[in-house]
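Student: dropping the sequence and predicted coords here.
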Amino acid sequence: MEFYLLKDYYGEGFTTAYWNKKETVRYICEKCEGINSQNNGPLVISFEGKGDIADYYRIVKWHTVSPKFMQVLIDNKITGIRFKDILIDDEKGNLLTTDLKQLDVYGRCGLLTDLNGEEIPNCPVCHRVTPDNLEGKKGLSVNLDKWDKWDGSDMFYYANWEGNIIVTEKVKEIIERNNITNIYFVNIHSYDL
């Protein structure tokens, strides 16, 4: 089975989306001092620049999808995801409702592993992987046999690499067939960290 990292790109003709840090809760690991921020309430985003709104944006570790992209995922019964409301800050202090949704990924596949199936060194408490531990690594794999193996979801995260969506070949083909904008894929076996 092949797995792909779902990536976004800022192509010509699309506006840029960014995270508007309205209300967050920060968790700091007592061992490695790694910071994990979570939204307190709905995700708030802003747009800048001219152009159309794309079907997909990765904003820090969160993801937004257009109604078209959301419907494609629902119609194809893609597992490991749910949708949440988001707000748009119009930069005048107004929070506006929108038909864009946050793509919340709850599917998991265990800890980040290299191409040989070896766990990439991480914090023993929070399992955070530092950039130093990723440097020079080429290729990732998904645990299919270990106790913390892949849960079988169509879209998922490594348990300690949130924000980086991994998808099955089925999802890749569905997205490509439906011409979803602002997305490309990299096979995890050939991904350079």
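Tutor: Yes, it's here. Numbers count the residues shown, from 1 in each chain.

Student: how about the contacts made by the residue nearest in space to the middle of the chain?
Tutor: Nearest residue to the geometric centre of the chain (C-alpha atoms, centre = their mean): Gly163, 3.5 Å. Listed by C-beta atoms under 8 Å, 6 or more residues apart in numbering, the contact partners of Gly163 are 58, 60-62, 157. Glycine gets a C-beta too; all of them are placed from N, C-alpha and C.

Student: same check, this time on Leu6
Tutor: Leu6 neighbours (C-beta under 8 Å, 6+ apart): 155, 165-167, 171, 175, 183, 185.

Student: so how far is Arg26 from it?
Tutor: 26 Å (C-beta to C-beta, to the nearest Å).

Student: so in the chain, which strand runs the longest?
Tutor: Secondary structure assigned by DSSP state E gives strand 95-105 as the longest strand of the chain.

Student: ok, residues contacting it?
Tutor: Contacts of strand 95-105 (C-beta under 8 Å, 6+ apart): 22, 42-45, 53, 56, 62-67, 70, 73, 80-90, 155-157, 165.

Student: list the buried residues for that strand?
Tutor: 100-103, 105 (16 or more other C-beta atoms under 10 Å).

Student: now the residue located most distally from the centre of the chain: how far from Thr168?
Tutor: Relative to the C-alpha centroid of the chain, counting by C-alpha atoms, centre = their mean, Lys92 is the outermost residue, at 28.3 Å. Distance from Lys92 to Thr168, counting by C-beta to C-beta: 42 Å.

Student: list the buried residues for stretch 46-54?
Tutor: 46-47, 53-54.

Student: that stretch: end-to-end distance?
Tutor: With C-alpha to C-alpha, to the nearest Å as the measure, stretch 46-54 spans 13 Å from end to end.

Student: average model confidence for it?
Tutor: Stretch 46-54 carries an average pLDDT of 86.

Student: ok, and what's touching it?
Tutor: By C-beta under 8 Å, 6+ apart, stretch 46-54 touches 8, 11-18, 20, 66, 88-91, 100, 181-182.
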